[in-house]
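Novice: Structure for the following, please:
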Amino acid sequence: MSGLAEFLAQDGAIVEVRIAEVRGSSPREAGAFMLVRGTRVWGTVGGGQLEYMALDEARKLARSGAGVCEMTVPLGPEIGQCCGGRVRLGLRVLDAAGKARLAAEEAARAASLPDVLIFGSGHIGRALAYGFAPLPVRAKLIDSRAEELARAPESSEQICTPLPEAELRRAGRGAAYIVATHEHSLDFLLAQEALSRGDAAYVGMIGSKTKRAKFDSWAAGPTGALVCPMACASKGDRRPEVIAAFVVAEVMTALSKEPAKEMADG
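Specialist: Predicted coordinates:
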C-alpha cells in the first residue's frame with residue numbers, strides 16, 4: 001500500500017488542497033496537491049506562508065461542515081514570499097468518490113513512472129535503492145542472491161532471479177539501467193544488452209577507467225552512451241552512500257531529458 005493509500009484509509013475528514021491555477025512564478029505547478037487530516041499532512045503545495053495559510057483554511061473547512069472553498073493568494077511581500085506570482089487553490093472535503101478518484105490518479109501515476117533497474121544488491125546497489133526510494137521512479141533491485149537482497153531496504157522492489165537479462169528485456173522504453181553486480185563478466189553482458197536496446201535514458205556500469213577500456217574492447221557495438229565510471233563528480237569519495245547520491249543525480253538528470261528526446265524523435 002502506498003503512502004497516499006494509507007493516508008486515505010485513515011479515519012477522519014480529509015481535505016484536498018489542489019493548485020487550480022498559477023499566474024507567474026510559484027513554488028509548485030497547477031495540479032499539485034496536498035491532503036490535510038487534522039494535524040497530519042500528505043504532499044505539499046510549495047511550503048512557506050502559502051502552505052501555512054492553506055493548512056489553516058483546510059482545517060477550518062473540515063470543522064465547518066462545508067464541502068468546498070477557494071483561496072487566491074498573491075505570492076509577494078505581504079505574505080513573506082518572493083515568487084511574485086499568484087495561485088488559486090481549490091479546497092474540498094473528500095467523500096468516497098473523491099478518495100477513489102485520488103487512488104485512481106495515484107495508480108495511473110505509479111504506472112507511468114520510469115523504470116530504474118539496479119543490477120546487483122551489493123553495497124552500491126543497496127545504497128542506490130535507498131537513494132531512489134523517495135523519488136518519482138520505479139526502482140527495481142535485481143540479484144540472484146536472496147541473502148543480499150534481504151539486506152536491502154524492505155520498501156524497495158526486489159527481484160531475485162538467475163536471469164537478470166529477462167528483466168532488462170521486459171523494461172519499458174526510456175528506462176535507466178545501473179549495472180553493479182558481483183561479476184565483471186555479468187556486468188559486461190548486461191551493459192551490452194542495455195546499450196543494444198537503443199532506447200535507454202541512462203546506462204551506467206560500476207567500475208574504473210580500466211574496466212571501461214576493457215569493455216570498449218570487448219563490446220560488439222557502440223559504447224559511447226555508457227556511463228562508466230559512474231559518479232565521477234564525487235571526486236574520489238568511495239563511500240557507497242556518496243557514490244549512490246551522485247549516481248542518482250546522474251540518472252534523474254537523464255530521465256528529465258527523456259520526454260524532450262521522445263518529442264524530438266516523434
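
Novice: When you work out contacts or count neighbours from here on, use the C-alpha atoms and nothing else.
Specialist: OK.

Novice: separation between residue 237 and residue 124?
Specialist: Separation of residue 237 from residue 124 (CA to CA, to the nearest Å): 13 Å.

Novice: between these two, what contacts are shared?
Specialist: Residues touching both residue 237 and residue 124 by CA atoms under 8 Å, 6 or more residues apart in numbering: residue 243.

Novice: mind listing what the residue nearest to the spatial centre of the chain touches?
Specialist: Taking CA atoms, centre = their mean as the criterion, residue 136 is the residue nearest the geometric centre of the chain, at 1.9 Å. The contact partners of residue 136, by CA under 8 Å, 6+ apart, come to 113, 114.

Novice: for it, helix, strand, or coil?
Specialist: Look at residue 136: counting by DSSP: H, G, I helix; E, B strand; the rest coil, its state is coil.

Novice: before we move on, the earlier item: what about residue 237 and residue 124, which has more around it?
Specialist: The neighbour comparison of residue 237 against residue 124 (other CA atoms under 10 Å) goes to residue 124, with 21 against 12.

Novice: counting contacts, what elements does the helix or strand where that one lies pack onto?
Specialist: Assigned by DSSP states H and E, residue 124 belongs to helix 123-132. Under the contact definition 3 or more CA pairs under 8 Å, 6 or more residues apart in numbering; DSSP states H and E, helix 123-132 sits against strand 115-119, strand 138-143, helix 240-265.

Novice: So for residue 265, what's the pLDDT?
Specialist: Model confidence at residue 265, given as pLDDT, is 38.

Novice: cool, residue 80 as well?
Specialist: At residue 80, the model reports a pLDDT of 59.

Novice: Over to residue 2?
Specialist: pLDDT, read off for residue 2, is 65.

Novice: for the one 4 residues further on, same thing?
Specialist: For residue 6, the model assigns a pLDDT of 88.

Novice: quick one, phi/psi of it?
Specialist: Geometry field for residue 6 lists phi and psi as phi -60, psi -40, criterion degrees, to the nearest 10.

Novice: just residue 203 next, same as before
Specialist: The phi/psi pair for residue 203 (degrees, to the nearest 10) is phi -130, psi 120.

Novice: Name the residues linked to the spatially closest residue to it that is not a sequence neighbour by a beta bridge.
Specialist: Nearest residue to residue 203 in three dimensions, chain neighbours excluded: residue 177, at 4.8 Å (CA to CA, 6 or more residues apart in numbering). For residue 177, the beta-bridge partners under DSSP bridges are residue 117, residue 203.

Novice: hmm, back to that, with respect to residue 24, which of the helices and strands packed on helix 123-132 lies nearest?
Specialist: The closest of these to residue 24 is helix 240-265. By CA to CA, the value is 22.6 Å.

Novice: which of the helices and strands packed on helix 123-132 is buried the deepest?
Specialist: strand 115-119 (a mean of 25; mean count of other CA atoms under 10 Å).

Novice: what about the stretch 51-200 of the chain, any weak spots by pLDDT?
Specialist: 76-84 (pLDDT under 70).
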